[in-house]
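Visitor: model this:
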Amino acid sequence: MKPNVLIVEDEEKLRRVMELRLSGEGYEVTQAGSAEEALSLAPRADLILSDLRLPGMDGLKLLELLRRQNGMAPVILMTAHGSVGAAVEAMKLGAADFMEKPFSLDHLSAVVRKAIEVRTLRDENRQLKEELGRRYEITNIIGRSRAMQEIFAIVMRVAPTRATVLLAGESGVGKDLIARAIHHNSPRADKPMVKINCTALPENLMESELFGYEKGAFTGANVSKPGKFEQADHGTVFLDEIGDVPPQIQVKLLRVLQEREFERLGSNKTLHIDVRVVAATNQDLRAALEQGTFREDLYYRLNVVPIDIPPLRERREDIPWLAEHFVKKLAPDAGAQVEGITARAIEKLEQYPWPGNVRELENVIERSLVMARGTMLDADDIRLESARQFKAVAGDFALPSGMTLDQYEQEIIKQALKKADGNKSQAARLLGLTRNALRYRLGQMGMES
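Guide: Alright, predicted model coming up:
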């Protein structure tokens, strides 16, 4: 639809000249000879051009009334009696611009075009915020901080496409929820979303789980079985903890991303699929590239649309909203009579570092609800893990006497493996490494990987 411009001017000749110019540029133009007449036409206007001096009601009073009546339409004031005072007063009342007569038609066109563009952008931004506001509640994603609003905006832009998305962030920040939001706001929403936890899959079973197998492919394969990618055909595959995928599987994933094809284990028949891939990691994949444990070509195939989700300690303004959400969500199941949370409790939560992020906050709220005694969750009800308050002071650390850094690293790795009973995946998690990064270090140490 053509933008509607309302011209409020008591000089008929000038109104006519402005109408001809703006109509010729594709605008729908409405005219009014007085402020009183303009008030009835303003509701359907996308932009209002008004003279400052009008018979009866003046332009400033009209501007004030228009802002109340049709607050979304920009108002540009025109006057032959321009002054700094009038301009300042007009801007205070919300004028989008101020033009002194006489002005050229080129200047008129430029000012109108700019005002319409600003109006359009503002409308799109408002609409996007309204949509995001509804959607984060639907998907249980709470985020009023600027960082999360920017992430929501990216999600809404990328969801309708088939672009591969790489979610990065610490454990517990909500990567799973963001992945589901991408799927549920995409054209594939009515198709399956299949989540694959790459850390949980044993290395020797990963290929058959991802790509399926044919009958007789290995001992115990009594029937053919489709893999996760086949199950997600026309839908979305969510590869969680992608950094833990071993090198031989990385090659096959790269082929799926590039060619949209693969073969089942034990078969020579090439299968073609249509899947959208969303991957997630809590590790630094760039460090894995440098260590040679993650393929560079696969990284760039996955990193088409990167979304970095900040930890909770970097967006503390979200804590009050998250806390209230969890209280309402968890109180009925906890059997608590709690109806809300006090400001003192919120303040206590905001002072905690949250190493476990949103997941830890949810657990704390659930535990506190069980122990709560009143109808409001108060600071004394909040049960925090004080032992997890970490302090790191430069200069307080030194290597054990007689040990080099490499020896100390090897000793730490050995202790982690011992604590994990030899389970390399579990040891890697204890060390804050990917499984591939641990295997790389074991190889450097000359230990069996």
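Visitor: what is L47 paired to in the beta sheet?
Guide: L47 has the following beta-bridge partners by DSSP bridges: V5.
Visitor: what number of residues lie near it?
Guide: Other residues lying near L47 total 23 when counted by other C-beta atoms under 10 Å. Quick note: C-beta positions are derived from backbone N, CA and C, even for glycine.
Visitor: For the stretch 101-250 of the chain, which segments count as helices?
Guide: Listed from the start of the chain, the stretch 101-250 of the chain has helices (DSSP state H, counting those that start in this stretch) covering 105-138, 146-158, 175-184, 206-211, 228-231, 247-259.
Visitor: Kindly reformat those as TSV and extend each row with mean pLDDT, mean neighbour count and distance to A343.
Guide: Supplementary listing: the helices of the stretch 101-250 of the chain in TSV, determined by pLDDT from 0 to 100; neighbours: other C-beta atoms under 10 Å; distance: least, C-beta to C-beta, whole Å:
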stretch	mean pLDDT	mean neighbour count	distance to A343
helix 105-138	73	14	23
helix 146-158	89	17	22
helix 175-184	91	22	27
helix 206-211	90	20	49
helix 228-231	92	18	47
helix 247-259	91	15	49
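Visitor: so can I have a markdown table of those showing distance to P320?
Guide: As requested, these are exported to a markdown table (distance: least, C-beta to C-beta, whole Å):
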| stretch | distance to P320 |
| --- | --- |
| helix 105-138 | 15 |
| helix 146-158 | 13 |
| helix 175-184 | 19 |
| helix 206-211 | 41 |
| helix 228-231 | 39 |
| helix 247-259 | 40 |
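Visitor: Now name the helix or strand holding A280.
Guide: strand 276-281 (DSSP states H and E).
Visitor: so what secondary structure elements neighbour whichever helix or strand comes after that strand?
Guide: From strand 276-281 onward toward the C-terminus, using DSSP H and E, the following helix or strand is helix 285-291. Secondary structure elements in contact with helix 285-291, counted by 3 or more C-beta pairs under 8 Å, 6 or more residues apart in numbering; DSSP states H and E, are helix 296-302, helix 435-445.
Visitor: Parallel or antiparallel, which strands does the helix or strand following the shortest one pair with?
Guide: The reference is to helix 296-302. The element immediately downstream of helix 296-302 (helix or strand, assigned by DSSP H and E) is strand 305-308. Strand 305-308 has its sheet partners listed here by DSSP bridges as strand 165-168 (parallel).
Visitor: Distance from the partner strand to the middle of the chain?
Guide: Remark: strand 165-168 is offset 10 Å from the chain centroid, using C-alpha atoms, centre = their mean, to the nearest Å.
Visitor: Name the surrounding residues that touch it.
Guide: Outside strand 165-168, the residues within contact range by C-beta atoms under 8 Å, 6 or more residues apart in numbering are 158, 175, 178-179, 182, 242, 277-282, 285, 302-309.
Visitor: Let's see that with 6 Å instead.
Guide: Strand 165-168 has contacts (C-beta atoms under 6 Å, 6 or more residues apart in numbering) with 175, 178, 278-281, 302-303, 305-308.
Visitor: among those, which ones are buried?
Guide: Neighbour-count burial (16 or more other C-beta atoms under 10 Å) applied to the contacts of strand 165-168 gives 175, 178, 278-281, 302, 305, 307.
Visitor: quick one on the thing from earlier: relative to I76, which of the helices and strands packed on helix 285-291 is closest?
Guide: Between I76 and the helices and strands packed on helix 285-291, the tightest spacing by C-beta to C-beta is seen for helix 296-302, at 48.2 Å.
Visitor: Not counting residues beside it along the chain, what's closest to M445?
Guide: With C-beta to C-beta, 6 or more residues apart in numbering as the criterion, M445 has its nearest non-adjacent residue at 5.5 Å, and that residue is Q410.
Visitor: Unless I misread the structure, the one you found falls within a strand.
Guide: No - counting by DSSP: H, G, I helix; E, B strand; the rest coil, one finds Q410 to be helix, located in no strand.
Visitor: buried sites along stretch 279-288?
Guide: Across stretch 279-288, burial judged by 16+ other C-beta under 10 Å covers 279-283, 285, 288.
Visitor: I'd like the residues you listed written out as JSON lines, with pLDDT and distance to N357 added.
Guide: Rendered in JSON lines, the data for the buried residues of stretch 279-288 read as follows (pLDDT from 0 to 100; distance: C-beta to C-beta, whole Å):
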{"residue": "A279", "pLDDT": "95", "distance to N357": "19"}
{"residue": "A280", "pLDDT": "95", "distance to N357": "14"}
{"residue": "T281", "pLDDT": "93", "distance to N357": "15"}
{"residue": "N282", "pLDDT": "89", "distance to N357": "10"}
{"residue": "Q283", "pLDDT": "86", "distance to N357": "15"}
{"residue": "L285", "pLDDT": "88", "distance to N357": "19"}
{"residue": "A288", "pLDDT": "85", "distance to N357": "22"}
